[in-house]
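Novice: everything below, folded, please.
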Amino acid sequence: MNCKESMKLIPQYLNDELDNASLEEFLEHVKNCEECKEELTIQFLIQEGLQRLEDGDTFNLTKELNDMIYMSGKKLRVRERLARASTILQLMVIAEIAIVVVLSVLL
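Specialist: Model prediction:
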């Protein structure tokens, strides 16, 4: 992923709208690119900061952004495990169907 693609994805990331593949690429890029991390920080501060000011809440937006990035990584790993589990279950169902078909032919 290049910087231009990453910067286009920032609003989707902030709104938790990225699919697994895009999220993984985005997180890897932002982790290694200071320029994109800075742009993410700016957009996050603007989006969340304005909302918090309107609500009158106190906040530490830098910590919240770092927590959000960390949790996105955890969420991505959970999604990947669920996708693998789903694939395994589908293969098990196919195997069971094959066994039933073979048994019905033999019996």
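Novice: and residue 89, what helix or strand is that in?
Specialist: helix 61-106 (DSSP states H and E).
Novice: give me the contacts around the helix-or-strand element of the chain with minimal mean pLDDT.
Specialist: Ranked by mean pLDDT, DSSP states H and E, the weakest helix or strand in the chain is helix 34-55, scoring a mean of 84. Helix 34-55 has contacts (CB atoms under 8 Å, 6 or more residues apart in numbering) with 3, 6-7, 10-11, 13-14, 29-31, 58-59, 61-62, 64-65, 68. Yep, even glycine has a C-beta here, placed from its N, CA and C like the rest.
Novice: got the angle for it vs helix 61-106?
Specialist: Per axes from the mean of the first three to the mean of the last three CA atoms, to 10 degrees, the angle that helix 34-55 makes with helix 61-106 is 110 degrees.
Novice: of all the residues in helix 34-55, which ones are buried?
Specialist: 36-37, 39-41, 43-44, 48 (16 or more other CB atoms under 10 Å).
Novice: and residue 14, how many residues sit next to it?
Specialist: As a burial measure, residue 14 scores 17 neighbours (other CB atoms under 10 Å).
Novice: can you report how many residues neighbour residue 84?
Specialist: When neighbours are counted by other CB under 10 Å, residue 84 registers 10.
Novice: what about it, distance to residue 91?
Specialist: Relative to residue 91, residue 84 is positioned 11 Å away (CB to CB, to the nearest Å).
Novice: can I get the CA coordinates of stretch 27-40 in CSV?
Specialist: This file holds the C-alpha atoms of stretch 27-40, laid out as CSV (Å, rounded to 0.1, in the frame of the first residue of the first chain):
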residue,chain,number,x,y,z
LEU,A,27,-2.2,-0.9,9.8
GLU,A,28,1.1,-2.2,8.4
HIS,A,29,1.5,0.9,6.3
VAL,A,30,0.7,3.4,9.1
LYS,A,31,2.9,1.5,11.5
ASN,A,32,5.9,2.0,9.2
CYS,A,33,5.1,5.5,7.7
GLU,A,34,5.4,8.5,9.8
GLU,A,35,3.7,10.8,7.3
CYS,A,36,0.6,8.6,7.1
LYS,A,37,0.6,8.1,10.9
GLU,A,38,0.7,11.9,11.3
GLU,A,39,-2.2,12.4,8.9
LEU,A,40,-4.2,9.7,10.8
